[in-house]
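Student: any chance you could fold what I've pasted below:
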Amino acid sequence: ATKLFHLIAQGKVESNAITFGAAISACEKGFEWKLALQIFRSIPQGQGEPNTITFNATISACEKSSKWEQSVHLFQMMAQSTVESNVITFNATVSSMEKGGAWQKALQLFSLALQRNEEVDRISFNAAISACEKGGKWEKALEIFSAMSEMELESNTITLNTLISTCEKG
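Tutor: So this is what the prediction gives:
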């Protein structure tokens, strides 16, 4: 990721949304959230301006390193821009908060998405149930699981294992 970033900065690799996205994704895989933010902030106007992919990759890089504050900041930046968010954006932000110990905020954002009828999926529900596990909120986990069933979203092994673990800890 560092090498690609330097090649872009030196003009040896074309700078566009694809190369910036690739560099940021490499940072995510290497748990290099600071470098991901640096690359994201260095995207020049008119040369692959931040888009859904670069926002999502940067949020995910912060999520993988449990840097929930940075993820939320990027999520808010995206909401204030013309760039459209999607379920990947939402899931990475909620997961980041859950992993970073801000389980209450993760549940608030999840609840807000449900109230606004925003797109959610099994990953969204799994992240919310995992947030309940972190907070010892087994009753809330069961409510979320029930809502998942009502939305006819299929649970998986992750869903059920997390739900069981949450109830055991409660």
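Student: what residue lies at the spatial centre of this protein?
Tutor: residue 92 (1.1 Å; CA atoms, centre = their mean).
Student: only alpha carbons, please: show whichever strand or helix holds residue 23 as PDB.
Tutor: Element membership for residue 23 (DSSP states H and E) is helix 17-29. Only the C-alpha atoms of helix 17-29 are listed here, as PDB (Å, rounded to 0.1, in the frame of the first residue of the first chain):
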ATOM      1  CA  ALA A  17     -10.600   6.300  -8.200                       C
ATOM      2  CA  ILE A  18      -9.500   2.800  -9.000                       C
ATOM      3  CA  THR A  19      -5.800   3.200  -7.900                       C
ATOM      4  CA  PHE A  20      -6.800   5.200  -4.800                       C
ATOM      5  CA  GLY A  21      -9.400   2.500  -3.900                       C
ATOM      6  CA  ALA A  22      -6.900  -0.300  -4.400                       C
ATOM      7  CA  ALA A  23      -4.300   1.500  -2.200                       C
ATOM      8  CA  ILE A  24      -6.900   2.100   0.500                       C
ATOM      9  CA  SER A  25      -8.100  -1.500   0.300                       C
ATOM     10  CA  ALA A  26      -4.500  -2.800   0.700                       C
ATOM     11  CA  CYS A  27      -4.300  -0.600   3.800                       C
ATOM     12  CA  GLU A  28      -7.400  -2.300   5.200                       C
ATOM     13  CA  LYS A  29      -6.000  -5.700   4.700                       C
END
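Student: got the buried residues for that helix?
Tutor: 17, 19, 20, 21, 22, 23, 24, 25, 26, 27, 28 (16 or more other CB atoms under 10 Å). No exception for glycine: its C-beta is placed from N, CA and C like everyone else's.
Student: mind putting those residues into a markdown table with distance to residue 70?
Tutor: Listed next are those as a markdown table, based on distance: CB to CB, whole Å:
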| residue | distance to residue 70 |
| --- | --- |
| 17 | 21 |
| 19 | 22 |
| 20 | 17 |
| 21 | 18 |
| 22 | 20 |
| 23 | 17 |
| 24 | 13 |
| 25 | 16 |
| 26 | 18 |
| 27 | 12 |
| 28 | 13 |
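Student: list just the nearest of the residues you listed to residue 84.
Tutor: residue 17 (14.1 Å; CB to CB).
Student: low pLDDT regions in the chain?
Tutor: In the predicted model of the chain, residues 1-16, 44-48 satisfy pLDDT under 70.
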